[in-house]
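>>> Need a 3D model of the following:
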Amino acid sequence: MNRPSLVVVAAATLVGAACGGAKRAPTPTPAAAPPVAVKAMPQLPDLSKVRVFTKPIVGTPTSKRGVTSARLVRLGDLKYPQRAWDQGLQGWAVYDFVVAKDGRVDQDYVRLVAVSDSIFRKPAEAAVRAARFKPASLRGQNVASLVRLPVYFSMERPAKVP
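Okay, here's the model as predicted:
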């Protein structure tokens, strides 16, 4: 059965501040519908007070003053889990991570914040770890930054990050 490798990326945010760059672009409708009725997308809870990194991260600015936000350039390859597709399950996973000075995700600092269903954890994490960003900057110099990224798995409104 054909299944999409599609995702809606809601937004990339510098923890505590806005970050742009994640745009939605329509994609073709999947070739085959799931074998069951599509379940409603679970609501994303308020995660504004959730912190997964409780100690300062070396190399990131201690203040947000004068820091431009990192911008999502490309999300890694994302595959819709076959079992979720077969069940008509939609959901999301939210990750906090550090974007290094070169725009790559620092593999030592990738943490799950919340997930609607554990089936979405691994594919979302793989996509986040392979993502590329235009790094944050401070006074014209690239700096590492902390980013929070929700990744949605949607059957009804599929989209991709250009």
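>>> Can you report how many residues lie near Asp102?
11 (other C-beta atoms under 10 Å). Glycine gets a C-beta too; all of them are placed from N, C-alpha and C.
>>> isn't it right up against Ala136?
No: look at Asp102 against Ala136 with C-beta atoms under 8 Å: they stay out of range, at 11.7 Å.
>>> Mutual contacts of these two, please.
Shared contacts of Asp102 and Ala136, defined by C-beta atoms under 8 Å, 6 or more residues apart in numbering, comprise Asn142.
>>> any low-confidence regions in the protein?
1-34, 157-162 (pLDDT under 70).
>>> again, only this time at 50
Applying pLDDT under 50 to the chain flags the ranges 1-29, 158-162.
>>> If you count residues, where's the longest strand of it?
Assignment by DSSP state E gives strand 105-115 as the longest strand of the chain.
>>> which other residues reach that strand?
44-45, 47, 50, 52-53, 57, 91-100, 121, 124-125, 128-131, 133, 144, 148.
>>> Can you say which of these are buried?
Among these, those classed as buried by 16 or more other C-beta atoms under 10 Å are 52, 91-100, 121, 124-125, 128, 131, 133, 144, 148.
>>> I'd like to know which of the contacts of strand 105-115 are part of helices.
Counted as lying in helices by DSSP state H, out of those, are 121, 124-125, 128-129.
>>> out of the residues you listed, who's nearest Ser69?
Val128 (16.7 Å; C-beta to C-beta).
>>> Verify the stated contact: that closest one with Tyr95.
Yes: with contact defined as C-beta under 8 Å, Val128 and Tyr95 form a contacting pair (4.8 Å).
>>> which residues do these two both contact?
Counting by C-beta under 8 Å, 6+ apart, the contacts common to Val128 and Tyr95 are 110, 149, 151.
>>> so which of those residues is the most crowded?
Ranking the shared contacts of Val128 and Tyr95 using other C-beta under 10 Å puts Leu149 first, with 27 neighbours.
>>> for the closest residue to Asp117 other than its chain neighbours, what are its contacts?
Nearest non-adjacent residue to Asp117, counting by C-beta to C-beta, 6 or more residues apart in numbering: Gly91, 4.7 Å away. Contact analysis of Gly91 by C-beta under 8 Å, 6+ apart lists 41-42, 84, 115-117, 119-120, 152-153.
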